[in-house]
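1. predicted model follows, preceded by the sequence.
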Amino acid sequence: MPVLQGSRPRVVFVNRFFYPDHSATSQLLTDLASHLAEEGWDVHIVTSRQRYDDPSVHLAGNELLHTVNIHRAWSFHFGRARLVGRMLDYLSFYVTASWYMLRYVHRKNLLVAKTDPPLIGVLAMVVAKLKGAKLINWVQDLFPETAQALEVRMISGRFARWLQKVRDIALRSGRLNVVLGDHMARKIISAGVSLERIHIIPNWSDGASVFPIEESQNPLREEWGLRGKFVIGYSGNIGRAHEFGTILAAAEKFKDDKDVVFLWIGGGAQKRWLEFQFDELGLKNWLFKPYQPRDLLAQSLSVADVHLVTLRPALEGFVVPSKFYGVLAAGRPTVFIGARDGELANIIKREGIGYVVEQGDNAALVNVLAELKNNVGMQTEFRRRARKLFLEQYDRHKAVVAWDSALERVWITK
């Protein structure tokens with residue numbers, strides 16, 4: 001028997017991006033919010049009027065997505081191109097989002113704070129205390145550690161330590177802290193959060209809309225001129241958390257192989273640098289495409305024969321690349337470039353769904369890509385295992401049901 005809309009309590013999420021934005025955190029939150037609303041929760045979203053990749057867009061202030069109430073707070077729209085502009089976007093959103101939280105959060109409501117912008121959970125903690133609500137932290141990344149690992153000059157020394165102390169207070173204040181994996185859970189424990197207030201729910205993809213498509217049935221292969229090529233893909237954020245020198249070195253080794261193409265889908269802080277490097281090296285074996293609409297993800301992710309996922313080792317435990325789950329959904333092998341004992345590295349090795357290469361080990365990356373190119377049987381087996389693992393552990397339905405259950409437990413606990 002279906003649950004009547006509004007028959008369960010109000011849950012308010014705060015995150016800088018939401019539908020129709022296509023960034024990873026936005027899509028995850030849209031999936032979860034839609035499911036909870038269908039299950040009878042009174043769902044409200046406090047978000048910005050921005051889109052991740054286009055700061056010129058100004059979305060409507062209020063909108064109803066089926067039965068999800070969207071409240072879009074005003075903020076500056078400088079975008080991600082420059083650090084100062086990004087900081088001004090953050091600061092303005094902190095102010096207006098706090099006002100919206102105070103307006104829509106009431107006593108005994110659940111208030112779920114994601115981590116974009118950084119430290120929004122601190123303000124959510126204050127609102128929760130003022131309004132008698134229950135705080136839940138949905139930790140997508142840990143700040144200020146990520147900024148320190150990326151050597152952001154403004155985030156260092158005493159200031160960084162103070163930020164971390166304030167962040168830790170917000171984590172300890174949360175009735176629940178949802179993290180993405182074991183490594184992140186250990187980081188949270190080291191911040192003084194009790195184990196019973198930590199719950200691991202990995203990110204996910206939607207297996208109903210992202211699924212394997214064979215080359216002969218994929219129109220993008222023809223449209224992008226990739227028919228008959230061995231396509232090495234990278235899909236998602238081309239950001240500062242990711243290392244690309246190892247991939248560039250491999251691309252240079254394959255420059256005379258006309259059957260190999262490095263396909264980049266997405267954008268980010270390092271995209272222009274990457275394009276410049278390919279040109280400087282005189283490489284022609286690459287193709288850049290923008291982010292693809294969600295209804296084309298099955299096709300775009302299936303274009304590649306193998307996907308590359310990278311994470312700087314210094315960021316292990318602070319970030320988990322969300323692109324990994326879409327790769328699994330599309331049933332493609334993963335070559336992870338980063339720490340050998342990292343979160344994704346352990347999964348890949350344990351499940352036999354690809355390879356792990358240490359950052360800077362250019363020869364190893366060339367070798368595993370060549371092996372995959374020349375061993376169709378191995379590709380097929382990795383594909384089978386990847387899709388099987390996805391359906392067993394990382395499909396959208398499993399994740400949102402886990403979230404529903406976790407929120408219910410927080411709600412009924414005094």
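-> Here it is on my side, so go on.

2. can you give me the distance of the residue positioned nearest the centre of the chain to residue 301?
-> The C-alpha lying nearest the average C-alpha coordinate of the chain belongs to residue 322 (C-alpha atoms, centre = their mean; 3.6 Å). Per C-beta to C-beta, to the nearest Å, residue 322 is found 13 Å from residue 301. Every C-beta, even on glycine, is put in place using the N, C-alpha and C of the backbone.

3. before we move on, the earlier item: so what's the residue nearest to the centre of the chain closest to, chain neighbours aside?
-> residue 24 (3.9 Å; C-beta to C-beta, 6 or more residues apart in numbering).

4. burial measure for residue 277, as a count.
-> Using other C-beta atoms under 10 Å, residue 277 has 18 neighbouring residues.

5. before we move on, what about residue 118?
-> Burial of residue 118 is recorded as 18 neighbouring residues (other C-beta under 10 Å).

6. for it, helix, strand, or coil?
-> The three-state assignment at residue 118 reads coil, by DSSP: H, G, I helix; E, B strand; the rest coil.

7. model confidence score at the residue nearest to it when sequence neighbours are not counted, please.
-> Closest residue to residue 118 apart from its sequence neighbours, by C-beta to C-beta, 6+ apart: residue 143 at 3.7 Å. pLDDT, residue 143: 97.

8. confirm that residue 143 sits in a helix.
-> No. Going by three-state DSSP, the assignment for residue 143 is coil, not a helix.

9. surely it and residue 121 touch.
-> No. Residue 143 is not in contact with residue 121 according to C-beta atoms under 8 Å; the separation is 9.6 Å.

10. tell me which of these two has more neighbours.
-> Taking neighbours as other C-beta under 10 Å, residue 143 and residue 121 compare with residue 121 leading, 29 against 23.

11. can you count the residues close to residue 199?
-> As a burial measure, residue 199 scores 18 neighbours (other C-beta under 10 Å).

12. ok, and what's touching whichever helix or strand it is part of?
-> Using DSSP states H and E, residue 199 sits in strand 198-200. Residues from elsewhere that reach strand 198-200, judged by C-beta atoms under 8 Å, 6 or more residues apart in numbering: 176, 177, 178, 179, 180, 181, 182, 184, 185, 188, 189, 406.

13. what about 7 Å?
-> 176, 177, 178, 179, 181, 182, 185, 188, 189, 406 (C-beta atoms under 7 Å, 6 or more residues apart in numbering).

14. and that strand, what's its mean pLDDT?
-> Strand 198-200 shows an average pLDDT of 98 in the prediction.

15. likewise stretch 152-163?
-> On average, stretch 152-163 scores 94.

16. for it, measure first residue to last.
-> End-to-end distance for stretch 152-163, by C-alpha to C-alpha, to the nearest Å: 14 Å.

17. so residue 137: helix, strand or coil?
-> Applying three-state DSSP: residue 137 is strand.

18. picking that back up, residues shared between the contacts of residue 143 and residue 121?
-> Shared contacts of residue 143 and residue 121 (C-beta under 7 Å, 6+ apart): residue 115.

19. just to revisit the earlier point, for the residue nearest to residue 118, what are its contacts?
-> 115, 118, 119, 167.

20. which of those are buried?
-> Listed as buried from the contacts of residue 143 are 115, 118, 119, 167; burial here means 16 or more other C-beta atoms under 10 Å.

21. now residue 384, nearest residue through space, not along the chain?
-> Of all residues not flanking residue 384 in the chain, residue 331 sits nearest, at 7.3 Å (C-beta to C-beta, 6+ apart).

22. same deal with residue 73?
-> Looking at residue 73 with C-beta to C-beta, 6+ apart, the closest residue is residue 96, at 3.7 Å.

23. tell me who's in contact with the one you found.
-> Counting by C-beta under 7 Å, 6+ apart, residue 96 touches 73, 74, 75.

24. what stretches of the stretch 1-150 of the chain score poorly on pLDDT?
-> Scanning the stretch 1-150 of the chain for pLDDT under 70 picks out the ranges 1-7, 81.

25. the helices in it, which residues?
-> With DSSP state H, counting those that start in this stretch, the ranges of helices along the stretch 1-150 of the chain come out as 24-38, 83-104, 120-131, 145-149.

26. what about the ones you listed, which gets the closest to residue 387?
-> Closest to residue 387 of the helices of the stretch 1-150 of the chain, according to C-beta to C-beta: helix 24-38, at 19.1 Å.

27. output that closest one as PDB, restricted to C-alpha atoms.
-> Output in PDB follows, covering the C-alpha atoms of helix 24-38 (Å, rounded to 0.1, in the frame of the first residue of the first chain):
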ATOM      1  CA  ALA A  24      27.400  14.600  -9.200                       C
ATOM      2  CA  THR A  25      26.100  16.000  -5.800                       C
ATOM      3  CA  SER A  26      23.100  17.400  -7.500                       C
ATOM      4  CA  GLN A  27      22.100  14.200  -9.300                       C
ATOM      5  CA  LEU A  28      22.500  12.200  -6.100                       C
ATOM      6  CA  LEU A  29      20.400  14.600  -4.100                       C
ATOM      7  CA  THR A  30      17.800  14.700  -6.800                       C
ATOM      8  CA  ASP A  31      17.600  10.900  -6.800                       C
ATOM      9  CA  LEU A  32      17.300  10.700  -3.000                       C
ATOM     10  CA  ALA A  33      14.800  13.600  -2.600                       C
ATOM     11  CA  SER A  34      12.500  12.200  -5.300                       C
ATOM     12  CA  HIS A  35      12.500   8.700  -3.600                       C
ATOM     13  CA  LEU A  36      11.800  10.100  -0.100                       C
ATOM     14  CA  ALA A  37       8.900  12.300  -1.400                       C
ATOM     15  CA  GLU A  38       7.400   9.200  -3.100                       C
END
